[in-house]
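Asks: coordinates only, sequence not included:
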């Protein structure tokens, strides 16, 4: 049964009353894939956005901790101005809804991606440590990739002959393939750093939906930014963004870092195949229908770049039966 994730309107209106702020209108947003509920409060001089975490209460404190951490690093994130632990909801200043996806086919796209990559450089260089930000285990990428492809195969098992045998071989291959990314020095990562979680407002790129902030692989965010599971960028845009991200990296280290980005993105997109199926099973069927083809495109890009022939053969069987 889906839990009630209603915003406590009366509580937030009482907050505005104490601040002598008049609420002119209240408008609800459609819920996103994470099941948070959004409510917009319009006042004479400013708009405010309320988020409810009742469907995912653990994200409430994580969102606040993540916001505070990114503010310390001087990252552009909307500040939390009021929070209610009882109702696991927060209130923040509303940034005009110029979601970066609106600029997908405009000249601003490369500016957004390069600016976002510069945010990652700043985070990477920071020496500040946050005790209240969780650290992912070094094998989390391997586990999540295996989970994703397993759920995907299970969903389409009627179409795949010998699916259980293929999945067994695939699991062993994935463990061997991703050993290279199990040893690293973790850095602060957004965890879902892509166009939909960026706001482009007054030539500034804001970061949103950052409750999954964690210490993880240093190339995770740049991989998710340029090899987006939902959309495909041109080679020119990818190269420009990647060059921006690698601007301070020694020439001798660049190739290894690029290889790592491909491997990280391969693991991430395999996980996302499972995420689309998971959302499908929860009644949100449009994600699997709309994005699985683009997600597979990214997977195949990485398999070809990394010359992972055996893995490509195994995944090719699944691809053939579920896409072609």
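Replies: Thanks, I have it. This one's a predicted model, so the numbers in the text were calculated from it and none came from an experiment.

Asks: which SS state does the closest residue to residue 28 other than its chain neighbours fall under?
Replies: Nearest non-adjacent residue to residue 28, counting by CB to CB, 6 or more residues apart in numbering: residue 39, 5.3 Å away. Where C-beta positions appear, they are placed from N, C-alpha and C, glycine not excepted. Following DSSP: H, G, I helix; E, B strand; the rest coil, we place residue 39 in the strand state.

Asks: Neighbours of residue 39, how many?
Replies: By other CB atoms under 10 Å, 20 other residues sit near residue 39.

Asks: Can you verify my assumption that it contacts residue 26?
Replies: Yes: the pair residue 39 / residue 26 is scored as a contact, 6.3 Å apart, by CB atoms under 8 Å.

Asks: between the two, what contacts are shared?
Replies: residue 9 (CB atoms under 8 Å, 6 or more residues apart in numbering).

Asks: Beta-bridge partners for the residue nearest to residue 28, please?
Replies: residue 28, residue 50 (DSSP bridges).

Asks: give the contact list for it.
Replies: By CB under 8 Å, 6+ apart, the contact set of residue 39 is 7, 9, 12, 26, 27, 28, 29, 49, 50, 52.

Asks: So what would you say the end-to-end distance of stretch 148-163 is?
Replies: The straight-line separation of the ends of stretch 148-163 (CA to CA, to the nearest Å) is 15 Å.

Asks: how about it: buried residues?
Replies: By neighbour count on 16 or more other CB atoms under 10 Å, the buried set for stretch 148-163 is 148, 149, 150, 151, 152, 153, 155, 160, 163.

Asks: Spatially nearest residue to the last one (excluding sequence neighbours)?
Replies: Here the nearest residue to residue 163 in space, its sequence neighbours aside, is residue 157; by CB to CB, 6+ apart that works out to 4.5 Å.

Asks: and the one you found, what pLDDT?
Replies: In this model, residue 157 is scored at 97, pLDDT.

Asks: Following element in sequence after the host helix or strand of residue 151, please.
Replies: Element membership for residue 151 (DSSP states H and E) is helix 140-155. Next helix or strand after helix 140-155 toward the C-terminus (DSSP H and E): helix 163-177.

Asks: which outside residues touch that next one?
Replies: Counting by CB under 8 Å, 6+ apart, 142, 145-146, 149-150, 153-154, 156-157, 160, 263, 266, 270, 308, 310-311, 314-315, 317-318 sit against helix 163-177.

Asks: how about the strands of this protein, start to end?
Replies: Using DSSP state E, the strands of the chain run over residues 25-28, 37-42, 47-52, 80-84, 89-93, 187-189, 198-201, 204-207, 214-216.

Asks: Which residue lies nearest the spatial centre of this protein?
Replies: residue 192 (1.4 Å; CA atoms, centre = their mean).

Asks: thought that residue was touching residue 211?
Replies: No: using CB under 8 Å, residue 192 is not in contact with residue 211; the gap is 9.3 Å.

Asks: what domains does the record give for the protein?
Replies: The chain breaks down by automatic domain parsing into domains covering 9-93, 100-322.

Asks: just those: most buried one?
Replies: Most buried of those, by mean neighbour count (mean count of other CB atoms under 10 Å): domain 100-322, with a mean of 17.

Asks: where are the low-confidence patches of the stretch 201-324 of the chain?
Replies: Residues of the stretch 201-324 of the chain meeting the criterion pLDDT under 70: none.

Asks: and the least confident of the contacts of residue 39?
Replies: Lowest pLDDT of these: residue 29, 75.

Asks: hang on, the earlier thing: for the helix holding residue 151, give me every contacting residue.
Replies: Contacts to helix 140-155, defined as CB under 8 Å, 6+ apart, come from residues 137, 160, 163, 166-167, 170-171, 174-175, 178, 181-182, 216-217, 220, 264, 266-268, 270-278, 280-281, 315, 318, 322.

Asks: quick check, distance from it to the centre of its chain.
Replies: Distance, stretch centre to chain centre, for helix 140-155: 17 Å (CA atoms, centre = their mean, to the nearest Å).
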